[in-house]
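Asks: Sequence plus the predicted model coming up.
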Amino acid sequence: MTRRHDPTSRLRPGDPVFLAIPAVGSEAVAYRQCGAVKSTIGEGTDRMVQIEWYETSIPVDECQMFQYHATGRLSEVVATLFPTEKQERIQQRISVAIAEHGETLSRQFVPLVEASLRKSMPIIEQEFQAAVQRHRDEIDAASMRWKDELVQERLIPLARQEILPIVRKHGQPPAETIGREIWDRASLFRFGWRAIYDKSPLPQRDLLRREWGRFGEQVAVPVLEKHMDEIVVAIERSLRDIAANSTVRNELAEVADQIASDPKSRALVRKILNETFVENPRLREVWREVWSSTQAQTAIAIAGDRLEPIVRKIGDDVFGSEEIGIDPDFARVLRSQILRKDRRWIIAWYSGASNDVIELVDEAMPYPMVYVVTERAP
């Protein structure tokens, strides 16, 4: 018997002790059950456990001991069920299946997806507009709140200080050139006498408005068209410099984060999207119609024929088969999650010294699978 401190007070009688046996020339480690907790003594930080050893050859006084426990979290179950080697094997099977049958399955399912999207878009658009209209008062209230808190206090000062100087820098030269050409071609005499004529008691009216129309169509528009390349270049340069401005980027990012983190705004967006996509019976009916059609049934049947062998192999990888029995990782999950066994265990490492404490390890570790029987009975 050996006594060790258990400061966590988690260990219970019957919890197994495994001896770690590192493989020579490899990082692999094998485990052999060499003992179990026989009893506990005391409580709290002074609590001790008494360990019964199955083998007398183990140098107990030269072993450090570590205790592990199963938390039952989903992440732990997934890590146990899908170790790295098994993930790689399953990924390889999927890659082979996609290489062999990907094109065939694409020909079958892509038209179904396209039909679903084509029929869904008008319904989504209509329901989104209806949802927005139903929540118009909430949207208006949020808009007014953000206008007061963000637009007036942050965005307008940002535009004055950072954006307008950039736009002025690139937009002023072509604007001055265009304005000068239009002014040079404007006839003050034509505008002047038509304005006077419109104010006179003569029967014909509206000459000034018609002159403005003629001037815009025959003079202003051609000038703008002639300088369109310069306008486009000015816009591109302005957008480039605005996008490269660190102050603008940082301020807009903070504004976006502030809106995205606002609980009321998130709840409102979630409500509108939920009504548009989730609680939309017309959308569900469209998808049900497409995916229950004869074309869909044919595609599913073809997929079943092509993928059934690979799915069965993956099932064997995860759960085991008649030939090899239950997969050890799946057995671990069954015992831990269903039978509530193998929840705590101790690993003994030969280190040449001992501190008389069974230290707690927070890192997840699969329960050591030990095969007691190595040969079948005749």
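Replies: Structure's in. What do you need? A quick note: this is a predicted structure, and the numbers were derived from the prediction, not measured.

Asks: List the contacts of stretch 265-275.
Replies: 127-128, 131-132, 134-135, 138-139, 142, 259-260 (C-beta atoms under 8 Å, 6 or more residues apart in numbering). (Each C-beta comes from the backbone N, C-alpha and C, glycine too.)

Asks: Now do the strands in the chain.
Replies: 2-5, 16-22, 29-41, 48-53, 63-69, 320-321, 325-326, 344-350, 358-360 (DSSP state E).

Asks: Where does pLDDT dip in the stretch 1-150 of the chain?
Replies: 148-150 (pLDDT under 70).

Asks: switch the cut-off to 80
Replies: For the stretch 1-150 of the chain, the stretches flagged by pLDDT under 80 are 23-27, 44-45, 142-150.

Asks: Likewise for the stretch 151-300 of the chain?
Replies: Using pLDDT under 80, the stretch 151-300 of the chain drops low at 151-164, 167-168, 170-228, 230-235, 238-239, 242-243, 248-249, 251-262.

Asks: Look up the closest residue to Thr247, ignoring the ones flanking it.
Replies: Leaving aside its chain neighbours, Thr247 sits nearest to Glu162 (5.4 Å; criterion: C-beta to C-beta, 6 or more residues apart in numbering).

Asks: give me phi/psi at His368?
Replies: Careful, residue 368 is Pro; it's not His. Backbone geometry at Pro368, expressed as degrees, to the nearest 10, gives phi -60, psi 130.

Asks: Count the neighbours of it for me.
Replies: 19 (other C-beta atoms under 10 Å).

Asks: Contact partners for it?
Replies: Residues in contact with Pro368 (C-beta under 8 Å, 6+ apart) are 18, 31, 33, 345, 347.

Asks: Tell me how far it lies from Leu74.
Replies: Applying C-beta to C-beta, to the nearest Å, the value for Pro368 to Leu74 is 22 Å.

Asks: same thing with Ser293?
Replies: 36 Å.

Asks: For the closest residue to Met369 other than its chain neighbours, report the pLDDT, please.
Replies: Distances taken as C-beta to C-beta, 6+ apart place Pro328 nearest to Met369, at 4.4 Å, with adjacent residues excluded. On pLDDT, Pro328 comes in at 86.

Asks: I'd like the numbering to begin with 21 instead of 1 from here.
Replies: Okay, using 21 as the starting number, the last item reads as Pro348.

Asks: so how far is Ala384 from Pro348?
Replies: Taking C-beta to C-beta, one finds Pro348 at 16 Å from Ala384.

Asks: now do Lys246
Replies: 71 Å.

Asks: With Ser374 instead?
Replies: 25 Å.

Asks: Verify the contact between Gly55 and Gly34 for me.
Replies: No. The pair Gly55 / Gly34 is not scored as a contact, 11.2 Å apart, by C-beta atoms under 8 Å.

Asks: Tell me which of the two has more neighbours.
Replies: Gly55 (21 against 10).

Asks: Name all residues that make contact with the more buried one.
Replies: Gly55 is in contact with 36-37, 71-75, 78, 368, counting by C-beta under 8 Å, 6+ apart.

Asks: hmm, try it at 7 Å
Replies: 37, 71-74 (C-beta atoms under 7 Å, 6 or more residues apart in numbering).

Asks: who does it bridge with?
Replies: Beta-bridge partners recorded for Gly55 (DSSP bridges): Val37, Trp73.

Asks: one step back: out of the strands of the chain, nearest to Leu125?
Replies: strand 340-341 (25.8 Å; C-beta to C-beta).

Asks: Not counting residues beside it along the chain, what's closest to the residue minimising distance to the centre of the chain?
Replies: The chain has Ala280 as the residue nearest its centroid, 15.7 Å off, counting by C-alpha atoms, centre = their mean. Closest residue in space to Ala280, ignoring its immediate chain neighbours: Arg286 at 7.1 Å, by C-beta to C-beta, 6+ apart.

Asks: measure that neighbour to Ile292 for me?
Replies: Taking C-beta to C-beta, one finds Arg286 at 11 Å from Ile292.

Asks: Comparing these two, which residue is more hemmed in?
Replies: Taking other C-beta under 10 Å, Arg286 and Ile292 do not tie; Ile292 has more neighbours (19 against 12).

Asks: From Leu137, how far off is the more buried one?
Replies: Using C-beta to C-beta, Ile292 is found at 20 Å from Leu137.

Asks: In the stretch 221-370 of the chain, mark out all the helices, start to finish.
Replies: Secondary structure of the stretch 221-370 of the chain by DSSP state H, counting those that start in this stretch: the helices cover 227-235, 241-246, 248-264, 266-280, 283-293, 301-311, 314-339, 348-353.
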